[in-house]
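Undergrad: generate coordinates for the sequence data below:
(chains A and B)
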Amino acid sequence: MLIHNSETRRKEQFHPRDEGKVALYVCGITAYDVCHIGHARAAVVFDVLVRYLRAKGYKVTFVRNFTDVDDKIINRAAEENRSSEEVAEDYMRAFSRDMDKLGVLRADFEPCATEYIPQMQDLIQKLLDTGHAYSTSGGNVYFRVRSFPDYGHLSGRDVEELKAGTRIDPSEEKEDPLDFALWKQAKAKEPSWPSPWGPGRPGWHIECSAMSQNILGLPFDIHGGGQDLIFPHHENERAQSMAASGGPFVNYWMHNGYVQVESEKMSKSLGNFVTVQDVFQRHLPEVLRFFLLGKHYRSPLDFTWPAMRDAEKSLKRIYQARSNLHLAVEESKGKDTPLPDELYEEARQLMSESRGNLDDDLNTAACIGSVFSLIRVSNRILENKGWRNSQHGAGLLREIQEHIRSVGLILGVFHNDPQSFLDELRRFKAEQMGLDLEKVESLVRERGEARQSKDFSRADALRDQLAEMGVTLQDGPQGTVWDVE
RNA sequence: GGCGGCAUAGCCAAGCGGUAAGGCAGAGGUCUGCAAAACCUCCAUUCUCCGGUUCGAAUCCGGAUGCCGCCUCCA
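TA: Next comes the predicted model:
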């Protein structure tokens, strides 16, 4: 498999540290607010990575942490007049609830920073012992950036240039403005832990160094996160870990691109935050997941409501096709008309292509494209009665059916029972439109009776009435079904 | 100011040197009492612009323009 390594800025062939196993660490959230769609993208992207690696047969150990002690949590707690533990717990729960809805699998380890205080302290001590860190009279410990010559390599930054741009905060006791905190002295009413340097709490970056090293060992295979974490978080993490161990830290760095809203970065000041819950009000969670996978994970992704509607229609098309496929396979009769060879070739080509897309740096967008092409082939077979009912045709259709489902299980979309999905979508939308289901059903029934007695003008009038409510009708051999929009 | 990314049809989007995937919208058609849904077919001689390398470039190189991001907390 090819993976784009942020450190080398190139795609590289993936070779795991241990044959058949993958050690993966992804930065999770700081638990101080509800998830927005950017969090969702990061989570979904790495969830697909995990699912794909497992489908390829790797034994994956996946770690995704929670930052549960941090300035932002402390501030939030102060605002809400409760403890930072409570705040963190609330938002960790909210995260898990949102991720479950999005079909993001739980990580094998979901450690909280506060569970690793002793390990962080050990690491800090080691950095002090080797001269990579220093403690101050105020009870702070800082990492000495100048002591690590490779600093800046991951993010492509030059230490001299960085220095030129820094501001010096006189309240800090740093030797150098680039130095960053490993341990922060406790202030009143803040959570703190005893330490050799006085009571305090860990700096932001040290938790990931401590947790990844303790759970996965060094160096581990893949470290992931959002693009914005490259600097300073991952740069600092890398510096600490490598300075302390004297060896390599991570073999492949993967970073997902931003989600933008109307072509702008989401930010509190612009007031354009879209939370996962906002989206769930208007669309099924699977639609959001499908939308997020519609573009390559490293590119910026622009969120808009019309784009969500398109995603919903596309997803519906796949489920519709799967539903048609399902019916055909069930009722195939088993006469024997051979299919043209080109059909087999095209279908098999597309099936291997869609897998290959994922192997190429997780190109989910291209993979979904291949699935749509495959659906076209499958529909063409379905349309031809001779092919559809032949043993050969049914065999190929079954192959396609299984393939689409297996790709769906990796992507975590369009893998549910098609009829259940279509029903759920219809129910969801009807509810949103505030439809009176009783009324709809009775009008549909009434129209059915009118049709039965060939009173087509009355039937059509009733259909128009329903159309005004946003209900469309589909007359089929088994009677009339209705849908919305 | 320093660093990085992006620019492909009305919209979204893949493409990584071999002659433009796919989705939405649109147009025809099959089906239907009429519809709808579903399905089929069609829909970029061309990839922001200008040069260059090459037998061959959306893809590589140089330049221009325009957007976005990072350099401070951030997925």
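
Undergrad: residues of the stretch 151-300 of chain A that sit close to RNA strand B?
TA: Taking CB under 7 Å from any atom of the strand as the test, the list of the stretch 151-300 of chain A residues beside RNA strand B reads A:155-158, A:161-162, A:165-166, A:204, A:225-233, A:256-260, A:263-267, A:294-296, A:299-300. No exception for glycine: its C-beta is placed from N, CA and C like everyone else's.

Undergrad: need the pLDDT of the residue in the stretch 1-150 of chain A that RNA strand B sits nearest to.
TA: Here the residue of the stretch 1-150 of chain A nearest RNA strand B is residue A:38; by CB to the nearest atom of the strand that distance is 2.6 Å. As predicted, residue A:38 sits at a pLDDT of 93.

Undergrad: tell me if the longest helix seen in chain A is near RNA strand B.
TA: Ranked by residue count, the top helix of chain A under DSSP state H comes out as helix A:305-331. Yes. Residues of helix A:305-331 are located near RNA strand B by CB under 7 Å from any atom of the strand, namely A:306, A:307, A:309, A:310, A:313, A:314, A:316, A:317, A:320, A:321, A:324.

Undergrad: and that helix, how far out from the chain middle?
TA: 21 Å (CA atoms, centre = their mean, to the nearest Å).

Undergrad: can you list contacts of the very next helix or strand once past it?
TA: Using DSSP states H and E, the helix or strand that follows helix A:305-331 in sequence is helix A:341-359. Applying CB atoms under 8 Å, 6 or more residues apart in numbering, the contact partners of helix A:341-359 are A:1-2, A:52, A:363-364, A:366-367, A:369-371, A:373-374, A:377-378, A:380-381, A:387, A:396, A:399-400, A:403, A:407, A:410.

Undergrad: ditto for stretch A:436-443
TA: So stretch A:436-443 is in contact with A:430, A:462, A:465, A:466, A:469, A:471, A:482, going by CB under 8 Å, 6+ apart.

Undergrad: strand partners of whatever helix or strand the last one lives in, parallel vs antiparallel please.
TA: So the one you mean is residue A:482. According to DSSP H and E, residue A:482 maps onto strand A:479-484. Applying DSSP bridges, strand A:479-484 is found paired with strand A:471-476 (antiparallel).

Undergrad: from the residues of the stretch 151-300 of chain A next to RNA strand B, which would you call buried?
TA: Applying 16 or more other CB atoms under 10 Å to those, the neighbour count classes A:155, A:157, A:162, A:204, A:225-226, A:229-230, A:232-233, A:256-260, A:266, A:294-296 as buried.

Undergrad: identify the residue nearest residue A:374 in space, chain neighbours excluded?
TA: Once flanking residues are discounted, residue A:374 sits nearest to residue A:350: 4.3 Å by CB to CB, 6 or more residues apart in numbering.

Undergrad: distance of the one you found from residue A:405?
TA: Computed as CB to CB, to the nearest Å, the residue A:350 to residue A:405 distance reads 15 Å.

Undergrad: over to residue A:46?
TA: 22 Å.

Undergrad: give me the helix or strand of chain A that scores worst on average pLDDT.
TA: helix A:159-165 (a mean of 74; mean pLDDT, DSSP states H and E).

Undergrad: and the contacts of the next helix or strand along the chain from that one?
TA: Using DSSP H and E, the helix or strand that follows helix A:159-165 towards the C-terminus is strand A:180-185. Applying CB under 8 Å, 6+ apart, the external contacts of strand A:180-185 come out as A:121, A:124, A:127, A:133, A:135, A:138-143, A:145, A:195, A:197-206, A:232, A:236, A:240.

Undergrad: again with stretch A:229-247
TA: Under CB under 8 Å, 6+ apart, the answer for stretch A:229-247 is A:6, A:27, A:123, A:126-127, A:130, A:132, A:143, A:145, A:147-148, A:150-155, A:157, A:180, A:182, A:204-206, A:208-209, A:212-213, A:218-219, A:223, A:225, A:248-250, A:253, A:255.

Undergrad: same thing but at 6 Å, please
TA: Stretch A:229-247 has contacts (CB atoms under 6 Å, 6 or more residues apart in numbering) with A:27, A:123, A:126-127, A:132, A:143, A:148, A:151, A:154-155, A:180, A:205, A:208-209, A:218, A:249, A:255.

Undergrad: gap between the two ends of it?
TA: 22 Å (CA to CA, to the nearest Å).

Undergrad: picking that back up, mean confidence score for the longest helix of chain A?
TA: 92.

Undergrad: could you say what helices and strands that helix packs with?
TA: Counting contacts by 3 or more CB pairs under 6 Å, 6 or more residues apart in numbering; DSSP states H and E, helix A:305-331 is packed against helix A:285-292, helix A:364-383, helix A:391-411, helix A:418-432.

Undergrad: residue ranges of the strands in the stretch 1-150 of chain A, please?
TA: A:2-5, A:10-13, A:21-26, A:59-64, A:133-135, A:141-143 (DSSP state E, counting those that start in this stretch).

Undergrad: hmm, the second one touching RNA strand B?
TA: Okay, so that is strand A:10-13. Yes. Shown here: strand A:10-13 in contact with RNA strand B (CB under 7 Å from any atom of the strand) through residue A:11.

Undergrad: tell me the strands beside that strand, with direction?
TA: As assigned by DSSP bridges, strand A:10-13 forms pairs with strand A:2-5 (antiparallel).

Undergrad: quick one, helices of the stretch 51-200 of chain A?
TA: A:71-80, A:84-101, A:117-129, A:159-165 (DSSP state H, counting those that start in this stretch).

Undergrad: dump these to CSV, plus distance to residue A:31.
TA: Supplementary listing: the helices of the stretch 51-200 of chain A in CSV, determined by distance: least, CB to CB, whole Å:
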stretch, distance to residue A:31
helix A:71-80, 6
helix A:84-101, 4
helix A:117-129, 17
helix A:159-165, 29
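
Undergrad: of all those helices, which one is nearest residue A:274?
TA: For residue A:274, the closest of the helices of the stretch 51-200 of chain A is helix A:84-101, at 12.7 Å, according to CB to CB.

Undergrad: now the closest one: average pLDDT?
TA: The model assigns helix A:84-101 a mean pLDDT of 96.

Undergrad: can you give me the pLDDT of the closest residue to residue A:311 other than its chain neighbours?
TA: Closest residue to residue A:311 apart from its sequence neighbours, by CB to CB, 6+ apart: residue A:291 at 3.8 Å. Residue A:291 is assigned 96 on the pLDDT scale.

Undergrad: from residue A:190, how far out is residue A:291?
TA: Residue A:291 is 40 Å from residue A:190, where distance means CB to CB.
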